[in-house]
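Participant: only geometry, no sequence info:
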């Protein structure tokens, strides 16, 4: 039961930090944490997916979907 609280806690932290850190950084941290939580230990895979997936989603929604996503404090 205690192990099921961590994904929910991560989602709440993600929700609270997405405006401040931005979609890219918040999503990368969330994906990395959830993959570690799911017992993935290939760190190269965690790093690759955590960087590529949010970046590709950001580019897709920004340039193809014309959706404004929160850039965060580092990309303003």
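Facilitator: Yes, it's here. Predicted, not measured: the structure shown is a model, and the values here were computed from it. Residues are numbered from 1 along each chain as shown.

Participant: Report the residue spans of the chain with pLDDT below the cut-off.
Facilitator: 1-2 (pLDDT under 70).

Participant: Kindly recompute the last result at 80.
Facilitator: 1-3, 75-76 (pLDDT under 80).

Participant: Just the element for the most centrally placed residue in the chain, please.
Facilitator: Nearest to the mean C-alpha position of the chain, counting by Cα atoms, centre = their mean, stands residue 27 at 1.0 Å. Residue 27 is part of helix 23-37 when elements are defined by DSSP states H and E.

Participant: what does that helix contact?
Facilitator: Here helix 23-37 makes contact (Cβ atoms under 8 Å, 6 or more residues apart in numbering) with 6-7, 10-11, 14, 17-18, 21, 45-47, 49-51, 53-55, 57-58, 69-72, 74-75. (C-beta placed from N, C-alpha, C; glycine too.)

Participant: Mark which of these are buried, thanks.
Facilitator: Neighbour-count burial (16 or more other Cβ atoms under 10 Å) applied to the contacts of helix 23-37 gives 10, 14, 17-18, 21, 46, 49-50, 54, 58, 69-72.

Participant: still on that earlier bit, looking at the contacts of helix 23-37, which are in helices?
Facilitator: Among the contacts of helix 23-37, the members falling in helices (DSSP state H) are 6-7, 10-11, 14, 17-18, 21, 45-47, 49-51, 53-55, 57-58.
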